[in-house]
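**Student:** my questions concern the predicted model and sequence given below.
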Amino acid sequence: MEKTIAINYTGLVNTTTAIMDFWDKRKGGPGGVICNIGSVTGFNAIYQVPVYSGSKAAVVNFTCSLAKLAHITGVNAYTVNPGITRTTLVAKFNSWLDVEPNVAKMLLGPPTQSTQECARSFVQAIEKNKNGGMWKM
């Protein structure tokens, strides 16, 4: 549980905070663009993995808050939120409190996307560079 939160949220906040010290126009920075990686589970929680879903919801809300500060900081922010993507990570998902022992198998059922499809969607979102955007893919 702590590892999931540390990787998905705490690490992201620490990294974003560090870069803001350099990019914030109020501190003489040039401004910039932050693209954080969320998940569609941040919008549509998967009850079998509530800690993962909750950590991704935190990413979405944190990034939305940053986007609302763009007029002050000069830093645009948006999230890219992939759906279930066929990777080795999904196969390792464990159900919280063992409520669904076959959660990994269940998540890999349709609809899913390949890593290539996910990458193409990432590129499209990055090219659009819309402050406050919450790209669901």
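**Tutor:** Here it is on my side, so go on.

**Student:** and the next element down the chain from the lengthiest helix in the chain?
**Tutor:** When the chain is scanned for its longest helix (criterion: DSSP state H), the result is helix 50-68. For helix 50-68, the following helix or strand on the C-terminal side (DSSP states H and E) is helix 70-73.

**Student:** distance of Pro30 from Leu69?
**Tutor:** Relative to Leu69, Pro30 is positioned 16 Å away (Cβ to Cβ, to the nearest Å). Every C-beta, even on glycine, is put in place using the N, C-alpha and C of the backbone.

**Student:** residues in contact with stretch 65-78: which ones?
**Tutor:** Counting contacts by Cβ atoms under 8 Å, 6 or more residues apart in numbering, the residues outside stretch 65-78 that touch it are 16, 20, 23-26, 29-36, 63-64, 125, 129-135.

**Student:** and that stretch, how far out from the chain's middle?
**Tutor:** In terms of Cα atoms, centre = their mean, to the nearest Å, the centre of stretch 65-78 is set 17 Å apart from its chain centre.

**Student:** for that stretch, list the C-alpha coordinates in CSV.
**Tutor:** Once side chains and other backbone atoms are set aside, the C-alpha atoms of stretch 65-78 remain, and they are given as CSV (Å, rounded to 0.1, in the frame of the first residue of the first chain):
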residue,chain,number,x,y,z
SER,A,65,-4.7,22.5,-9.0
LEU,A,66,-1.3,23.2,-10.7
ALA,A,67,-3.1,24.1,-13.9
LYS,A,68,-5.2,26.7,-12.1
LEU,A,69,-2.0,28.4,-11.0
ALA,A,70,-0.6,28.7,-14.6
HIS,A,71,-1.5,32.3,-14.8
ILE,A,72,0.7,33.0,-11.7
THR,A,73,3.6,30.5,-12.3
GLY,A,74,3.8,30.3,-16.0
VAL,A,75,3.7,26.6,-15.8
ASN,A,76,1.0,24.7,-17.7
ALA,A,77,-0.1,21.3,-16.3
TYR,A,78,-2.2,18.4,-17.6
